[in-house]
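Participant: Give me a 3D structure for the following:
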Amino acid sequence: MKTALKYAAAGAALLIAIAPVYWLVTISLKREIDQFAYPPAWFVFEPTLEHYSDAFRGSFTAFFLNSVTLATGSTIAALLVGVPAAYGLARFDWPRNWNENIAGWILSTRMLPPIVTIVPLFLMLREARLLNSLVGLTIVYTAFNLPFVVWMMRGFFDEVPREIEEAAMLDGETAVGVLLRIVLPLVKPGLAATAVFCLIVAWNEFLFALILTQTESAMTLPVGIASRVTQYEIKWGAMSAAGVVAMLPVLIFASVAQRYLVRGLSLGAVKG
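Facilitator: From the prediction side, this is the model:
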């Protein structure tokens, strides 16, 4: 009975998680007359691809490429800056236990509601002439993901025994060489998990992209999808088709990193 209840609970949770995705995919394949049919056509309907062709009209390709550029660039930049910072907090001795205080201060920046930073960010980017540009959004996304990278990677570095690094240094390896050739290969699962989370956050971010971009040249995919809601109509089919396409890059990246992702989620769970 306990086993049956466990499988029933797991099946219910799976159904709840998949139902919105299934509904999104089916709406993208339904004709407009089937979208508003009552009772709803859950399984039996005449599929069409017209909504996908409608979604790719206009600037959808530019929005998609902008999101790819921003998510990839901000994730790489956050890892390049955050990984050495996390290693320094995890390994080097700081006076008066400052490594713990600095780590707490870094994490506290994620507790700040993003909406309160919009006006200062807008003014700073305007003065730097980076408003409505991919470079400005990349800097904002990198700063937004950096505390998460430092906090996560510090927990992963704490799981690596110090004796391995000390043995490498006795053989003449430098601190940078230990990090690049010894430690990073050992925490590769954690690195993959952190990269996936950063990529998802940057890919799905809507608020900063909506306010800090004003033309289609720098708009991201979430903003472009939201633009399908107009004053006179809501293009449900085109929005659903664009949403399906927007899911694919994250799913592909997560599938490629899947063998590292599961282990990485629990690698730094004991400490940090």
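Participant: just checking, next helix/strand downstream of the helix or strand harbouring residue 82?
Facilitator: In the assignment (DSSP states H and E), residue 82 maps to helix 60-91. Note on helix 60-91: by DSSP H and E, the next helix or strand toward the C-terminus is helix 98-108.
Participant: Tell me the pLDDT of residue 2.
Facilitator: pLDDT, residue 2: 84.
Participant: Quick one: residues contacting the residue nearest to residue 169 when sequence neighbours are not counted.
Facilitator: Nearest non-adjacent residue to residue 169, counting by CB to CB, 6 or more residues apart in numbering: residue 178, 6.3 Å away. From N, CA and C alone the C-beta is placed, and that goes for glycine too. For residue 178, the contact set (CB atoms under 8 Å, 6 or more residues apart in numbering) comprises 165, 168-169.
Participant: And the spatially most central residue of the chain, how far from residue 148?
Facilitator: For the chain, residue 200 is the residue whose C-alpha lies nearest the centre (CA atoms, centre = their mean; 1.7 Å). To residue 148, residue 200 is 11 Å away according to CB to CB, to the nearest Å.
Participant: Hmm, residue 238 is touching residue 54, no?
Facilitator: Yes. With contact defined as CB atoms under 8 Å, residue 238 counts as touching residue 54 (4.5 Å).
Participant: Neighbour count: those two, which is higher?
Facilitator: Neighbours per residue, other CB atoms under 10 Å: of residue 238 and residue 54, the larger number sits with residue 238, 22 against 17.
Participant: what angle sits between the strand or helix carrying the more buried one and helix 60-91?
Facilitator: According to DSSP H and E, residue 238 maps onto helix 236-256. Here helix 236-256 points in a direction 40 degrees away from that of helix 60-91 (axes from the mean of the first three to the mean of the last three CA atoms, to 10 degrees).
Participant: what's the average pLDDT for helix 236-256?
Facilitator: 83.
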